[in-house]
Each structure stands twice: as structure tokens, then as C-alpha cells.
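Q: Need coordinates for the below:
(chains A, B, C and D)
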There are 2 protein chains.
Amino acid sequence: MQTSDNPVLLAKLPEHEATYRRLRDMVLFGNMAPGQKVTIQGITQSLQAGMTPVREAIRRLTAEGALELHENRRVSVPRLTPSQLDEIAFARLALEPRLAQMAMIRMRSEDIDALAAIDSEIDTAIEAEDVHRYLAGNFRFHFAIYEMAAAPILLSLTQSLWLRFGPSLRVVIESEASIGPDRHRDAVAAMRGQDARALSEAVEADIAQGMDRVRAELAGTASARA
Amino acid sequence: MQTSDNPVLLAKLPEHEATYRRLRDMVLFGNMAPGQKVTIQGITQSLQAGMTPVREAIRRLTAEGALELHENRRVSVPRLTPSQLDEIAFARLALEPRLAQMAMIRMRSEDIDALAAIDSEIDTAIEAEDVHRYLAGNFRFHFAIYEMAAAPILLSLTQSLWLRFGPSLRVVIESEASIGPDRHRDAVAAMRGQDARALSEAVEADIAQGMDRVRAELAGTASARA
DNA sequence: GCGGACAGATTATGATCAAATTCTTTGCGC
DNA sequence: GCGCAAAGAATTTGATCATAATCTGTCCGC
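A: Numbering: from 1, shown residues only, chains lettered A, B, ... in the order given. As a prediction, this is how the structure comes out:
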């Protein structure tokens, strides 16, 4: 799965692929709210695309868990329950530390430098309070690592998980909670030292921290809506 | 995801859903060979369906990893590499024992009886050398358990994994290797005794056994093709 | 309340266009 | 004259669109 989204190559993509990526990025980077309704005709107009490509993109995202079909055959952005969030946390903890370890073995010094660069971009995004760039940077940081693991199946499972909690991140960011310790920096340090154990712990801590923030915010909005 | 495929309800399904399930079952139960080409017009004719439903079913299966898109935008059934098989085995071992444990807690005595019944159906299918019924029974046994875990996200990840190694099962069966000890019976016994540890071990052993058979066969056909 | 018509949205079909593969033919060199 | 290879035509396949048919939910009138 291509995550680098080079704009030069993006022009030559087939319509359904371009539509898929635009919708996916909206889901991934907090541009869609949990519970939001998604209509084919709505997307058709807002994205200036035909009906068939939109249909396909929606089906694909639905299969990946990013969107949800109701019995009425309506489509919406899933609203996570605490129990589902636990499932995601469990699966992420099972997959992502492994991916990171597999990646570390294959990593060159220059790859680690690139990761550090991404991480500092994230810091500037945080300072500028640019939510979209923060989320995009965070995604790039994690998947730049995971892609080096050369484990396409585990990677696609992980991508599916990120798609599922993506919409919930928006709310987290809006609350501007405490950022906490920088687990990315710990991870980079562990990779520099080829310390598998430390890397695993850094990734686990990052996941736990992120999921906890979602969990807290989810509880907040749930009570607010009730 | 509906796996019980009740034929009464199946008539009322929308075309694209029915097409999806037929294709999915073909993938899952060894009716498609790894490497086989899948053309949209070919499916249109063999399944007597329209073009749009077939397109959607293929897109959906592609998103789930059951089918593979090439750069030429052609579609085929993936041929697993040993490394990918390791990924699947790792992910299965991470997810399925957990699902089984979650399911066991919610299980009633009658549910366990139903599982035992499925398992004996499997035995008769083996005696009759009915490959399709054996594979379908095996699938039903595992997912009857996993569905009781009430963990939809972990369930869909697991389903994606089964879709990926489904086509490779055909070859395994053709070779009619030794069946080995019946891990299903061990699992049922563990559930009867509410023994989480034993259940986990039975599931792990069943997965390891199954994956090993695929691995051995995969190595065989690889050398045969070389 | 109950029922039916209406509006909005989705599903499904078939046609049309574009891309890729295959096959054939043509031309060159030996 | 023979064989290889490149060019091009024909076929196959995929992508997109416009449209018709179907379904769902709602709103009005009784």
C-alpha cells in the first residue's frame, strides 16, 4: 500500500484510487467526525468524482473497517465503543512492537536520521497547533518504521486498525490534552542502539498513551451526549 | 460479518453481497488456486451476475487481502511466500487464542454442545474424504467460537487472515497428509472445564499444526515449480 | 394512529472509452 | 530463403458514466 502519496505520481492514478486515498486521508487525519453520515452522492459532489469510483472507494474503506454499513444500507463513520477501543489497543500492542523490531534489524543509520527528521517536523506542527500536520506526521513516523519491516500482511492489518481509530483522534486533539513524554524520541534512541527491548517498550508506551487519550476523550463525549 | 449463510435469508441479499459471499467461499474453501487469474468479465459470466456487483465484490476481497491487484490492474489469487506465511501464523497466534478465551467466558453449555456437533460433522467429512465439507466445517468450528467473543474488530482481522491462506489449503488437502491429534476435541474439553490456559494451548497447537501443513506443502510446490 | 404518496439515496444494467496484452505482419539482416 | 525482431492491428480486459429500477424513510391527509 502506497503511503507516500507523491503528488507527481498522484495525477496519473485512476479515479477510484485517487478517490480512495482522499477519503482515507480524511478518515485518518481527523477530517471526519465519528457518527458522520457518508452518502455516495454527497461525496460525488464534494470530491467532483463520478459515482462508480466513489462507490468503490467506500466499499473498500468499509471492508477495511474505516466506514460502517448499516442495515438501511446507509454508510457512516463508526463511533467507537470502549470495548472496541480495547480491541484496537490489544491488536496494536500485539502487532506494532513486532513490526518495529522487524524494521529495526533492516534499518540503516540514514533511515534513523530520516525518522528523527519526521519527529522534529511533528514538534513544529505541535508548536504551530497545526492538527492536520501533527496527525499526518505521527502517521508518517509510525509507518515509515513499519514499512521497513517488509511484512506486508502485518502492515495492512495495522493500517486497518489506524483507520478505525482515526476519526476519534479529532476529538482528542480538540481537547488539547497534555502531550506527555516523547515516546518517539525514546524509540529513535532505541533504534540507534539496536536495543530491541527498549524499542518495544517505547512503542508500547506510545500506543498506550495514545489509546488512553482516546479513551478519556471518548468517555467525555459519551457523557456529554447522554 | 454474517458467516452463518442461512439459505432462507440468502435469497433476499443484494446482488453484490451474494456475489461477495460466493467468491469469498470459493477463496476460503479451496476452490481457487494460488496464482489463478480473476477477471471481472469472467466472474460476470460464471456467476451470472452484473458487472457492478462483481466489481464491488472483487474490490472488497482485495481490501481484505483475499485477492491481489497487479500494477497492470489485473487481479489474481495471491501466492503466499514463506515469509508471508510466517506473518499470518504470528498474527493468528496473537489473535485467535485471545478470541477463544473471550468466547469461553460467555459460553453456555449448549453452545459447547453445538461445537462438539460441528466437530463430529468434520470427522464424517474426513471419513467421506469430502474436502469442501471438511474445510467449511473447520471454518465454522473456529468462527462459531470466535463470534461468541463479541469482539467484532478482532474477528474481522482474523477473517482477513483466513482469507489469505484459504487458497493454499487446497494444495494441502490434495496431499492428504497425516491428520495428527485432534486439537478441536482438546479445545472443547478445555471449554467444558473453563480452563483458559488449556484452551489457549489447544488453539495454539491447532494453528501451529495447520500452518505447518501449509508451510510443508508450500515448500513442496515451490520446488516442484522451479 | 394508519396508510399511501413523495423525496432522497442506493443498487444494478449496459454502453462507451481507455489501457494492456496478444497475435500478426512486415522488414531487416544473415 | 530463413529467422528474428520490431511495429501495428485486433482482441481482451478494466474504468467510467448515464440511466433505470428499487428501496427506505418521511410527511401529509384521513
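Q: top helix in chain A by residue count?
A: helix A:196-225 (DSSP state H).
Q: That one - contacts with which helices or strands?
A: On a contact count with 3 or more C-beta pairs under 8 Å, 6 or more residues apart in numbering or on different chains; DSSP states H and E, helix A:196-225 meets helix A:82-106, helix A:152-175, helix A:183-192. All C-beta atoms are positioned from the backbone trio N, CA, C, and that covers glycine.
Q: Between those helices, which one is closest to residue B:161.
A: helix A:152-175 (7.8 Å; C-beta to C-beta).
Q: Kindly state which of the helices and strands packed on helix A:196-225 is positioned closest to residue A:48.
A: helix A:152-175 (23.0 Å).
Q: anything in that closest one near chain B?
A: Yes. Using C-beta under 8 Å from any C-beta of the partner chain, helix A:152-175 reaches chain B at A:152, A:153, A:154, A:156, A:157, A:160, A:161, A:164.
Q: I figured the fifth one hits residue A:95, correct?
A: Spelled out, it's residue A:157. Yes. The criterion here is C-beta atoms under 8 Å, and residue A:157 meets it with residue A:95 at 6.1 Å.
Q: Common neighbours of the two, please.
A: The contact sets of residue A:157 and residue A:95 overlap at residue B:91 (C-beta atoms under 8 Å, 6 or more residues apart in numbering or on different chains).
Q: buried sites along the helix or strand hosting residue A:117?
A: Per DSSP states H and E: residue A:117 is located in helix A:109-127. The neighbour-count check on helix A:109-127 (16 or more other C-beta atoms under 10 Å in any protein chain shown) flags A:111, A:112, A:115, A:116, A:118, A:119, A:121, A:122, A:125 as buried.
Q: With stretch A:75-94 instead?
A: The neighbour-count check on stretch A:75-94 (16+ other C-beta under 10 Å) flags A:75-80, A:84-94 as buried.
Q: For the most centrally placed residue in chain A, report the pLDDT, please.
A: By C-alpha atoms, centre = their mean, chain A has its centre lying nearest to residue A:162, at 3.9 Å. Looking at residue A:162, its pLDDT is 97.
Q: now do residue A:131
A: pLDDT, residue A:131: 82.
Q: Surely it is in contact with residue A:30?
A: Yes. Between residue A:131 and residue A:30 there is a contact under C-beta under 8 Å: 6.3 Å.
Q: what about chain A, any weak spots by pLDDT?
A: A:1-12, A:171-180, A:221-226 (pLDDT under 70).
Q: rerun at 80
A: A:1-13, A:170-182, A:217-226 (pLDDT under 80).
Q: List, one by one, the residues from it near DNA strand D.
A: Contact residues (C-beta under 7 Å from any atom of the strand) of chain A with DNA strand D: A:14, A:15, A:16, A:49, A:50, A:51, A:52, A:53, A:56, A:71, A:72, A:73.
Q: 6 Å instead?
A: A:14, A:15, A:16, A:49, A:50, A:51, A:52, A:53, A:72 (C-beta under 6 Å from any atom of the strand).
Q: before we move on, the earlier item: from the buried residues of stretch A:75-94, pick out the ones that also neighbour chain B.
A: Checking the buried residues of stretch A:75-94 against chain B (C-beta under 8 Å from any C-beta), the matches are A:84, A:87, A:88, A:90, A:91, A:94.
Q: Quick check: of those residues, which lies closest to DNA strand C?
A: residue A:84 (23.2 Å; C-beta to the nearest atom of the strand).
Q: The nearest residue to the closest one once chain neighbours are set aside - how many residues pack around it?
A: If the residues on either side of it in the chain are set aside, residue A:84 comes closest to residue B:153, at 5.7 Å by C-beta to C-beta, 6 or more residues apart in numbering or on different chains. Look at residue B:153: counted by other C-beta atoms under 10 Å in any protein chain shown, it has 21 neighbours.
Q: Spell out which residues belonging to chain A are near DNA strand C, please.
A: A:39, A:40, A:41, A:73, A:74, A:75.
Q: Tell me which two of those sit farthest apart.
A: Farthest pair in these, by C-beta to C-beta: A:41 and A:73, 13.4 Å.
Q: on that earlier part again, residues touching the residue nearest to residue A:84, list them.
A: Neighbouring residues of residue B:153 by C-beta under 8 Å, 6+ apart: A:65, A:84, A:87, A:88, A:91, A:161, A:164.
Q: contacting residues for the fifth one?
A: Applying C-beta under 8 Å, 6+ apart, one finds that residue A:91 lies in contact with A:157, A:161, B:94, B:95, B:153, B:154, B:157.
Q: Could you give the number of residues near the fourth one?
A: Right, the one you point to is residue B:95. Residue B:95: 24 neighbours (other C-beta under 10 Å).
Q: Look up how far residue B:197 lies from it.
A: Counting by C-beta to C-beta, to the nearest Å, the separation of residue B:95 from residue B:197 is 18 Å.
Q: Check the third one too.
A: Summarising the geometry, the distance separating residue B:94 from residue B:197, computed by C-beta to C-beta, is 17 Å.
Q: In the strand or helix carrying residue A:18, which residues are buried?
A: Using DSSP H and E, residue A:18 maps to helix A:15-28. Within helix A:15-28, the residues that count as buried by 16+ other C-beta under 10 Å are A:16-28.
Q: Switch these over to CSV; also include distance to residue A:204.
A: Formatted as CSV, the buried residues of helix A:15-28 follow (distance: C-beta to C-beta, whole Å):
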residue, distance to residue A:204
A:16, 37
A:17, 34
A:18, 36
A:19, 35
A:20, 31
A:21, 30
A:22, 32
A:23, 31
A:24, 26
A:25, 27
A:26, 29
A:27, 25
A:28, 22
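Q: Could you list the domains of chain A?
A: A:7-76, A:82-225 (automatic domain parsing).
Q: Residue in chain A with the shortest distance to DNA strand D?
A: Residue of chain A nearest DNA strand D, by C-beta to the nearest atom of the strand: residue A:50 (1.6 Å).
Q: do you know how far the residue nearest to that residue when sequence neighbours are not counted is from chain B?
A: Nearest non-adjacent residue to residue A:50, counting by C-beta to C-beta, 6+ apart: residue A:15, 6.6 Å away. According to C-beta to the nearest C-beta, to the nearest Å, residue A:15 and chain B sit 12 Å apart.
Q: Spit out the contact partners of residue A:15.
A: The neighbourhood of residue A:15, defined by C-beta under 8 Å, 6+ apart, consists of A:49, A:50, A:53.
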